[in-house]
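# One predicted model, sequence on top.
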Amino acid sequence: MSARHVSATSARVPRQRTCHVSPRQFLWMAQPEVSQPISIILDDSNYRLWSSAMQRFLRARKLWKYITGDAQPPHFSETDDDDDDTLHIQYQTHLEDWDSVNSKIITWFSNTSVSSIHSLFTPFETAKEVWDYLAERYSSVDGANEYQLGLELHHLRFDSGQTLTDFYNKMSNLWNHLAQFEPTWTCPTDVAAFYAYRDRSRLRHFLMALPPDYEHIRASLLHCHPLPTVGQALADLRSEETRKKTMVYQHSQPVLATPVWAPLQPSSQSVRGSSSKNMPSGSQKQYCSFCRRDTHSYEDCRSRSKPKRKGYHNRQTAAVTKLFWAVS
């Protein structure tokens with residue numbers, strides 16, 4: 001290898017290192033386009049929640065370096081003996097890619113904030129500048145937000161018109177907001193102790209907000225050792241909720257009384273029916289079941305309404321008396 005070739009090769013190595021953008025930083029370009037990466041819209045009351053969600057999204061896309069400042073725009077320093085345009089083309093390509101990613105992040109910030117906020121992004125050139133501006137803007141209102149969230153949690157009570165799951169979700173949302181104000185722990189022992197205390201505190205808040213109907217379940221949970229988690233307590237309370245709904249449903253069902261059947265009194269039609277039943281088969285004539293004649297009906301029978309003859313009762317009595325003495 002000639003000395004001239006070695007010298008040229010050695011001179012080009014530093015120039016290749018001046019483009020400080022790795023191709024891995026632009027893998028996001030192969031991913032689907034996203035206009036609104038998170039569902040939370042930044043306003044004057046939810047910066048903590050918005051910043052947490054946006055940070056997770058940028059980390060998932062491996063773009064968090066653009067916020068911390070580790071991903072700087074590429075720079076290129078020319079030398080007097082440079083006669084190769086390849087590095088210039090490579091530098092321009094990397095610069096365009098960096099600017100594209102930077103502009104995309106600023107667009108995401110704008111699409112997830114109200115107009116009164118994203119209209120203030122105009123003076124800034126980089127995503128890091130926008131992020132730092134928002135952090136400085138809302139750092140002064142963190143104390144007021146924390147107080148407001150704590151006040152809502154203190155006054156939150158279970159409503160009879162909602163389910164235990166809905167109530168837990170609402171309280172859990174407040175817990176997540178307040179968790180953003182918690183300190184950052186470095187010692188693993190301190191982290192475990194703090195999380196254990198926080199779980200007990202959340203269980204206490206959750207049980208305090210329940211109505212007196214769940215007093216026996218609440219007392220049972222508080223006497224457990226060790227104390228259950230909020231999720232375990234919710235499972236027991238939901239079982240009680242299901243039981244109460246079942247009892248209400250059973251009491252709301254109508255009770256069917258057993259009818260008392262009374263014998264029906266025969267009507268005139270039934271009497272006629274009975275007389276017609278006693279008629280000889282195939283006879284279409286009137287028939288009287290009293291005198292057993294077919295010349296008239298039961299209602300028109302004269303024998304039925306004929307008065308008894310005089311002395312009839314006395315003769316019957318005498319006949320019965322005579323029969324009694326004969327048997328004796």
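Received it, and whenever you're ready, just let me know what you need.
# for stretch 43-60, which positions count as buried?
Residues of stretch 43-60 classed as buried: 46, 47, 48, 49, 50, 51, 52, 53, 54, 57, 58 (neighbour count, 16 or more other Cβ atoms under 10 Å). C-betas here are computed from N, CA, C, even on glycine.
# all helices of the stretch 151-300 of the chain, in order?
Taking DSSP state H, counting those that start in this stretch as the criterion, the stretch 151-300 of the chain carries its helices at 164-179, 188-208, 215-222, 230-252, 268-277.
# Can you lay out the ones you listed as TSV showing mean pLDDT, mean neighbour count and distance to residue 153?
Below are those laid out as TSV (pLDDT from 0 to 100; neighbours: other Cβ atoms under 10 Å; distance: least, Cβ to Cβ, whole Å):
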stretch	mean pLDDT	mean neighbour count	distance to residue 153
helix 164-179	92	16	5
helix 188-208	94	14	6
helix 215-222	93	14	18
helix 230-252	84	13	13
helix 268-277	47	12	79
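# a markdown table for these, including distance to residue 286?
Below are these laid out as a markdown table (distance: least, Cβ to Cβ, whole Å):
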| stretch | distance to residue 286 |
| --- | --- |
| helix 164-179 | 80 |
| helix 188-208 | 88 |
| helix 215-222 | 80 |
| helix 230-252 | 59 |
| helix 268-277 | 9 |
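# Quick one: the strands in the stretch 1-150 of the chain, in order.
Taking DSSP state E, counting those that start in this stretch as the criterion, the stretch 1-150 of the chain carries no strands.
# which residues in it form helices?
Under DSSP H, counting those that start in this stretch, the stretch 1-150 of the chain gives helices at 3-17, 47-60, 65-68, 86-111, 115-118, 127-138, 142-155.
# just the angle between the last one and helix 188-208, please?
Angle between the axes of helix 142-155 and helix 188-208 is 50 degrees (criterion: axes from the mean of the first three to the mean of the last three Cα atoms, to 10 degrees).
# Need the residues that contact helix 142-155.
The contact list for helix 142-155 (Cβ atoms under 8 Å, 6 or more residues apart in numbering) reads 45, 47, 48, 171, 174, 175, 177, 178, 181, 205.
# tell me which of the residues you listed is nearest to residue 129?
Residue 129 lies nearest to residue 47 out of the contacts of helix 142-155, by Cβ to Cβ, at 16.6 Å.
# surely that closest one meets residue 136?
No - using Cβ atoms under 8 Å, residue 47 is not in contact with residue 136; the gap is 10.9 Å.
# Test my guess that residue 42 contacts residue 116.
No - using Cβ under 8 Å, residue 42 is not in contact with residue 116; the gap is 10.2 Å.
# Surely residue 237 touches residue 217?
Yes - with contacts counted by Cβ under 8 Å, residue 237 reaches residue 217, the gap being 5.8 Å.
# Quickly check the contacts of helix 142-155 for the two that are furthest apart.
47 and 205 (24.2 Å).
# so where's this protein uncertain?
Applying pLDDT under 70 to the chain flags residues 1-32, 77-84, 140-141, 248-285, 305-328.
# need the helices of the stretch 1-150 of the chain in TSV with distance to residue 297, can you?
TSV is the format used below for the helices of the stretch 1-150 of the chain (distance: least, Cβ to Cβ, whole Å):
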stretch	distance to residue 297
helix 3-17	130
helix 47-60	97
helix 65-68	111
helix 86-111	100
helix 115-118	101
helix 127-138	106
helix 142-155	89
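# and for stretch 122-138, what are the contacting residues?
42, 44, 47-48, 51, 66-69, 102, 105-106, 109, 117, 120-121.
# of those residues, buried ones?
Applying 16+ other Cβ under 10 Å to those flags 42, 47, 48, 51, 66, 67, 102, 105, 106, 109, 117, 121 as buried.
# Present the residues you listed as CSV; the columns should include distance to residue 225.
Listed next are the buried ones among the contacts of stretch 122-138 as CSV, based on distance: Cβ to Cβ, whole Å:
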residue, distance to residue 225
42, 45
47, 41
48, 36
51, 40
66, 50
67, 46
102, 56
105, 50
106, 54
109, 49
117, 50
121, 54
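# Farthest pair within the residues you listed?
For these, the maximum inter-member distance is 24.3 Å, found between 48 and 102 (Cβ to Cβ).
# mind giving me the domain ranges of this protein?
3-141, 143-246 (automatic domain parsing).
# Can you give me the first-to-last residue distance of the shortest one?
Domain 143-246 has an end-to-end distance of 46 Å (Cα to Cα, to the nearest Å).
# ok, now stretch 131-150?
For stretch 131-150, by Cα to Cα, the gap between its terminal residues amounts to 27 Å.
# Next, the buried residues of that stretch.
Neighbour-count burial for stretch 131-150, counted by 16+ other Cβ under 10 Å, picks out 131, 134, 138, 145, 149.
# gap between the third one and residue 97?
Residue 138 sits 31 Å away from residue 97 when distances are taken as Cβ to Cβ, to the nearest Å.
# go on, the first one?
Between residue 131 and residue 97 the computed distance is 20 Å (Cβ to Cβ).
# Could you do residue 48 as well?
32 Å.
# if we can go back for a sec, joint contacts of residue 237 and residue 217?
The contact lists of residue 237 and residue 217 share no entry, where a contact means Cβ under 8 Å, 6+ apart.
# Brilliant, that's me finished.
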